[in-house]
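Engineer: here's my sequence, what's the structure:
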Amino acid sequence: MNRHSAVAVLLQECQRALDTDLLPAHPGTGEAEEREYRRCQALLPEELRSLLEEAKEMKWPFVPERWQYKQDLGPEDKTNLQDMISARLPDLLAYLKASILVRDCSTATAVVFLLDRFLYWLDASSRLLRVAKGLHRLHPTAPISPQLLIRQARLALNAGTALLGPTAATPLGR
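Structural biologist: As a prediction, this is how the structure comes out:
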């Protein structure tokens with residue numbers, strides 16, 4: 001299976017998990033889901049976990065390269081995020097799904113935010129935005145980054161869809 005297909009399958013699993021969570025009679029988080037969540041989190045290197053924490057805190061409106069916000073640069077600051085995300089894409093997507101299953105919407109939206117630019121280049125933005133919309137329906141108060149809102153506008157413009165209308169009343173529509 002090529003990378004694009006693997007990403008599509010994992011995003012589809014995330015969407016199914018969200019669709020299940022949106023049902024009114026959701027039984028809650030089980031011990032197995034919690035273990036999987038912790039396992040997925042542990043697979044991520046410290047630098048990615050740190051970026052996800054910063055994303056949760058909305059420290060920047062767009063995913064930055066570390067060197068953009070520092071005065072004194074060291075060799076560790078020249079890390080290319082695209083390379084880091086590419087190397088850990090399956091782990092990040094598994095963490096996204098695990099976050100959804102344990103209803104950790106702030107982590108899930110942070111993962112979506114971090115993956116957005118990378119998945120745009122893989123032509124998977126529309127699938128990722130469907131996950132973001134599901135997260136927004138599940139937890140409407142979870143902040144959505146400006147980067148994702150701009151991505152939604154770009155995709156809508158490219159598709160010839162109106163940005164204003166009944167579905168545009170809230171960020172990411174309903």
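
Engineer: quick one: the spatially most central residue of the chain from Q147, how far?
Structural biologist: The residue lying closest to the centre of the chain (Cα atoms, centre = their mean) is V112, at 0.8 Å. To Q147, V112 is 10 Å away according to Cβ to Cβ, to the nearest Å. (C-beta placed from N, C-alpha, C; glycine too.)

Engineer: now L92
Structural biologist: L92 is 16 Å from Q147, by Cβ to Cβ.

Engineer: same question, L115
Structural biologist: Counting by Cβ to Cβ, the gap from L115 to Q147 is 11 Å.

Engineer: what of P90?
Structural biologist: 22 Å.

Engineer: those two: which is more packed in?
Structural biologist: Using other Cβ atoms under 10 Å as the criterion, P90 and Q147 rank with Q147 on top: 19 against 13.

Engineer: quick one, helices of the chain?
Structural biologist: 3-21, 31-43, 46-56, 81-87, 89-101, 105-121, 125-138, 146-159 (DSSP state H).

Engineer: wait, which of those helices is closest to F62?
Structural biologist: helix 146-159 (4.7 Å; Cβ to Cβ).

Engineer: buried stuff in that closest one?
Structural biologist: 147-148, 151-152, 156 (16 or more other Cβ atoms under 10 Å).

Engineer: packing partners of that helix?
Structural biologist: Secondary-structure packing of helix 146-159 (3 or more Cβ pairs under 8 Å, 6 or more residues apart in numbering; DSSP states H and E): helix 105-121, helix 125-138.

Engineer: the first one to helix 146-159, inter-axis angle?
Structural biologist: Okay, so that is helix 105-121. Compare the direction of helix 105-121 with that of helix 146-159 by axes from the mean of the first three to the mean of the last three Cα atoms, to 10 degrees and you get 40 degrees.
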